[in-house]
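**Q** Mind looking at a prediction? Sequence and model below.
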Amino acid sequence: MSKTTQDRLDSYLAGVKHLPPAPTLMIQLIELFQQSDRDMDEVIALMRQNPPLTAEILRQCNGAFFGNDEPVGEIGEAVFRMGFYEIYRLTVMLFGKQSIEATKSVEGVEIEVIWGHSAIVATTGGVLARELGESEGTVFTAGLLHDVGKVVLALAEGKKYADLLGQHRSAGRALAAAEKEFLEFNHMEAGAGLLNLWDVPDEIVMPVLYHHDTDWVGNSSRPAAILNLADLIAHGRVGNVDPKQDDLVEAANAMELLGLKPENLAELAALARADLKRLGPVLSFQI
């Protein structure tokens, strides 16, 4: 984005009422996740600063998702028993769900659709990243937040945006173009703008901003291409019987950059589906 566009976006965001609050704990966990020598005691201390979240994590730990034989009674025990990545992923999931549910008050916005799609993209993207040697946590987080710009635009524009979203529910780049026509910004830009306000690291912001591009460059090119492909898979627009030309272009470019062949997609999709079945009870959707 040009500086002029960025300034206008900043002004636009400043005028939006009831934006989701900055996820301080999540951002601190992201920073710790990026450290190879992270201090688990510091992770535990951070978690203890948020008793409601800690209580929810313990509830989930003791549910069917993790299948523990003995109940976990304290967050420190949960972190050491499950590992930091599972705690991190669970925290991001719970926060992402809260952020997306901020649009419940907007008539015509189907929260369950946005949340279910975001969860599928996050999990699929995380699996792709792991298998392709990229940061699973980075792509998972970007995937869960990749449509947070739709929350911003729905809160700002109300039913007018809800109607636009309804017309282009799974249209990908077509929706982004329609948003540009209707407003000055698309949901990728609005989402990246909000994440910047939250001081989310660029490693996550950039894939969100470019997840509908097809000409990725720079350090974020592979994570952005992975997120793009996960988005297409989640919408069912890769490998279906009648894909649109734009979808084929997006998928082909992402697959070429990532060194993937069509037969690889079935294997990766199967791995993602297995993870989604495990996560279903936590994510509150069926797969």
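**A** Happy to help now that I have it. Numbers count the residues shown, from 1 in each chain.
**Q** what's around Glu107, how many residues?
**A** Glu107 is flanked by 9 other residues according to other CB atoms under 10 Å. C-beta: built from backbone N, CA, C; applies to glycine.
**Q** Against Glu179, how distant is it?
**A** Glu107 sits 19 Å away from Glu179, taking CB to CB, to the nearest Å as the criterion.
**Q** pLDDT weak spots in the stretch 51-200 of the chain?
**A** Scanning the stretch 51-200 of the chain for pLDDT under 70 picks out 63-69, 169-171.
**Q** what's around Val249, how many residues?
**A** 13.
**Q** what helix or strand does it sit in?
**A** Per DSSP states H and E: Val249 is located in helix 245-258.
**Q** which secondary structure elements does the helix or strand following that helix contact?
**A** Downstream of helix 245-258, the next assigned helix or strand under DSSP H and E is helix 262-283. Packed against helix 262-283, as judged by 3 or more CB pairs under 8 Å, 6 or more residues apart in numbering; DSSP states H and E, are the following elements: helix 84-100, helix 111-131, helix 221-234.
**Q** tell me the most buried of the ones you listed?
**A** Here the criterion is mean neighbour count by mean count of other CB atoms under 10 Å, and of the helices and strands packed on helix 262-283 the winner is helix 221-234, at a mean of 26.
**Q** chain center to it: distance?
**A** 11 Å (CA atoms, centre = their mean, to the nearest Å).
**Q** Let me see the mean pLDDT of it.
**A** Per-residue pLDDT over helix 221-234 has a mean of 91.
**Q** report the angle between the axes of it and helix 111-131?
**A** Angle between the axes of helix 221-234 and helix 111-131 is 130 degrees (criterion: axes from the mean of the first three to the mean of the last three CA atoms, to 10 degrees).
**Q** follow-up on the earlier one: alpha carbons of the helix holding Val249, as PDB, please.
**A** C-alpha atoms of helix 245-258 as PDB (Å, rounded to 0.1, in the frame of the first residue of the first chain):
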ATOM      1  CA  GLN A 245     -10.000 -19.600 -14.300                       C
ATOM      2  CA  ASP A 246      -8.900 -17.200 -11.500                       C
ATOM      3  CA  ASP A 247      -8.800 -20.100  -9.100                       C
ATOM      4  CA  LEU A 248      -6.700 -22.200 -11.400                       C
ATOM      5  CA  VAL A 249      -4.200 -19.300 -11.800                       C
ATOM      6  CA  GLU A 250      -4.000 -18.800  -8.000                       C
ATOM      7  CA  ALA A 251      -3.500 -22.500  -7.300                       C
ATOM      8  CA  ALA A 252      -1.000 -23.000 -10.200                       C
ATOM      9  CA  ASN A 253       1.100 -20.000  -9.100                       C
ATOM     10  CA  ALA A 254       1.100 -21.100  -5.400                       C
ATOM     11  CA  MET A 255       1.900 -24.700  -6.300                       C
ATOM     12  CA  GLU A 256       4.800 -23.700  -8.600                       C
ATOM     13  CA  LEU A 257       6.300 -21.500  -5.900                       C
ATOM     14  CA  LEU A 258       6.000 -24.200  -3.300                       C
END
